[in-house]
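In: For reference, the sequence and a predicted model appear below.
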Amino acid sequence: MVGRIIKIYGGIGEGGKFSIVSLSRGKRDGLEVGHVLATYHAGANVGVLVDDRKEIHRLPDERNGLLFVFRVFDRVAYGLIMTAPRPIVEGDVVRNP
């Protein structure tokens, strides 16, 4: 199950430990109350010169924390960020750890 953080409550575009977030996945996707999901920050695009032409490569996503799902609806769920060494932003990916 792969989803995205669509909203962070009580923050201005970013959140941290004990922030409440809404997720783009719900009961229809197999999500249940009590599930723990890992958050990942999208990897950056990096340009590299190879034989006088520029190639764009995407770095891997970087694990950024864990969240606990406490409320689930058909197409959306709410979670509580339990650990986050760096800020969590809207659009970050969530998936099984």
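Out: Okay, I see it.

In: which stretches of this structure aren't confidently modelled?
Out: Counting by pLDDT under 70, the low-confidence segments of the chain come to 11.

In: repeat that for 80
Out: Residue ranges of the chain with pLDDT under 80: 11-13.

In: what are the ranges of the strands in it?
Out: Counting by DSSP state E, the chain has strands at residues 2-9, 14-15, 20-23, 36-41, 45-50, 53-58, 62-72, 77-83, 88-89, 93-95.

In: Run through who's touching the second one.
Out: Judged by CB atoms under 8 Å, 6 or more residues apart in numbering, the contacts made with strand 14-15 from elsewhere in the structure are 8-9, 21, 81, 84, 87-90. The way it works is simple: take the backbone N, C-alpha and C, and place the C-beta from them, glycine included.

In: Please name the strands paired to it in the sheet, noting orientation.
Out: Sheet partners assigned to strand 14-15 using DSSP bridges are listed as strand 88-89 (antiparallel).

In: that older thread, mind putting the strands of the chain in TSV, distance to residue 30 included?
Out: Compiled in TSV, the strands of the chain are given as follows (distance: least, CB to CB, whole Å):
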stretch	distance to residue 30
strand 2-9	11
strand 14-15	25
strand 20-23	12
strand 36-41	12
strand 45-50	31
strand 53-58	27
strand 62-72	10
strand 77-83	11
strand 88-89	22
strand 93-95	12
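
In: The contacts of strand 14-15 into CSV, with extra columns for distance to residue 73 and neighbour count?
Out: Shown next, in CSV, are those (distance: CB to CB, whole Å; neighbours: other CB atoms under 10 Å):
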residue, distance to residue 73, neighbour count
8, 18, 21
9, 16, 10
21, 14, 23
81, 19, 21
84, 24, 19
87, 26, 16
88, 21, 23
89, 23, 16
90, 19, 15
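
In: Kindly reformat those as TSV containing distance to residue 43.
Out: Converted to TSV, the contacts of strand 14-15 look like this (distance: CB to CB, whole Å):
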residue	distance to residue 43
8	20
9	26
21	20
81	20
84	18
87	16
88	16
89	14
90	17
